[in-house]
Structure formats: C-alpha cells, structure tokens
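K.L.:
Have a look at this prediction, sequence included:
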Amino acid sequence: MTKVSKAALIRAAAVVGVVVLAGCSKEPEELPVSFSKDVMPVLQKHCSECHLSGGVGEVASGLDLSSYESTMKGTKFGAIVRPGDSTSSTLSILTEGRADPSINMPHGDRPPLSKEETGIIAKWINQGAENN
Ligand code: HEC
C-alpha cells in the first residue's frame with residue numbers, strides 16, 4: 001500500500017466517522033415535545049370541532065380534547081394515551097390510521113393528520129406524555 005492511498009483511506013474513514021457521529025447527535029425526534037406548544041395545536045386543528053364539551057365526538061365517546069387533564073382522562077371506556085407507548089395508545093392508533101377506516105380519526109370526510117402531526121403526538125407519548 002502506498003503512502004498516498006493509506007492517507008486517502010484514513011481520510012475516508014474520518015469522513016465515515018463524522019457521518020456516523022452526525023447520525024448519533026440529536027435527531028429532531030429526540031427534542032422534547034411540548035403538550036401545550038406542539039400537541040395541542042394539532043388537536044385543536046383536527047379534533048376540537050367534535051371533541052370539545054358538547055361536540056358530537058365528545059357526546060358520543062366522552063372524549064374531551066380541550067385540556068391535558070381531559071385528554072389524559074380519555075373516553076368513557078378509558079385512557080387513550082399510554083405514557084411511553086405510542087404503539088398501543090388509542091390516540092396514535094386512530095390518528096395514524098392503524099384501525100379500521102370506520103373508526104379512524106378524525107371522522108368522516110376530514111383530512112387525515114400529516115406524518116409530521118402524527119409524529120408529534122407519538123413522540124410526546126413516547127417521551128412520557130407529560131403536561132409540559
Ligand atoms: C367530525 C367529528 C369528529 C372529529 C373531527 C373527530 N372526531 Fe373523534 N369521534 C367522533 C365521534 C362521533 C365519535 C364517537 C364514536 C364513533 O362514532 O366512532 C368519536 C370517537 C373518538 C374516540 C373514541 C373511539 C373509541 O373507540 O372509543 C377517540 C379516541 C377519538 N374520537 C379521537 C379523535 C381525535 C384524536 C381526533 C382528531 C385527530 C378526532 N377524534 C376528531 C367525531 C369526531
């Protein structure tokens with residue numbers, strides 16, 4: 001192996017190292033998600049119409065999405081958020097379209113949440129679903 005190619009290999013390895021390190025540094029999903037600043041606006045945009053006190057969704061299911069407390073309380077059948085586990089949280093299952101189309105949320109002809117919006121909800125749940 002010549003000196004030049006060895007140097008080139010080291011440089012290449014260094015570049016790989018930098019890329020790997022960059023991959024390990026704070027990814028957007030590791031930044032803390034805030035309920036009030038990040039999650040609430042998504043719920044207000046897509047759910048408030050029906051899930052505020054007296055709305056059709058609230059009357060039918062008991063789910064009031066107007067505050068942290070009421071969101072954590074869930075429906076008349078129980079919680080829709082399992083802190084730390086978005087995979088099994090009803091809130092994520094329905095908004096990510098993982099349930100039967102007839103029960104996914106939002107209901108009816110409303111547009112589904114974007115990947116970014118469902119990602120915000122999932123991250124917040126996985127980070128512990130705090131009142132932050
Ligand atoms: C157009 C009205 C409407 C909108 C918008 C809406 N919902 Fe609903 N939601 C309902 C109705 C009505 C029910 C009662 C159960 C049913 O008919 O499926 C319900 C029920 C639910 C339930 C209980 C489901 C169950 O199986 O017990 C959850 C959870 C829910 N909604 C979450 C949401 C979320 C989160 C959003 C926003 C992303 C949302 N909904 C937007 C009307 C709506």
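P.N.:
Great, that's in hand.
K.L.:
and this structure, which of its residues are near the ligand?
P.N.:
46-47, 49-51, 56-57, 60-61, 63, 75, 77, 80, 90-91, 94-95, 103, 105-108, 110, 113 (CB under 6 Å from any ligand atom). C-betas here are computed from N, CA, C, even on glycine.
K.L.:
Now the phi/psi pair for Gly78, please.
P.N.:
Dihedral pair for Gly78: phi 130, psi -170, per degrees, to the nearest 10.
K.L.:
Buried residues of stretch 117-128, list them for me.
P.N.:
Across stretch 117-128, burial judged by 16 or more other CB atoms under 10 Å covers 117-127.
K.L.:
try stretch 90-104
P.N.:
Quick answer for stretch 90-104 (16+ other CB under 10 Å): 90-96, 104.
K.L.:
now those as JSON lines including pLDDT?
P.N.:
What follows is those, written out as JSON lines (pLDDT from 0 to 100):
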{"residue": "Thr90", "pLDDT": "98"}
{"residue": "Leu91", "pLDDT": "98"}
{"residue": "Ser92", "pLDDT": "98"}
{"residue": "Ile93", "pLDDT": "98"}
{"residue": "Leu94", "pLDDT": "97"}
{"residue": "Thr95", "pLDDT": "98"}
{"residue": "Glu96", "pLDDT": "97"}
{"residue": "Asn104", "pLDDT": "93"}
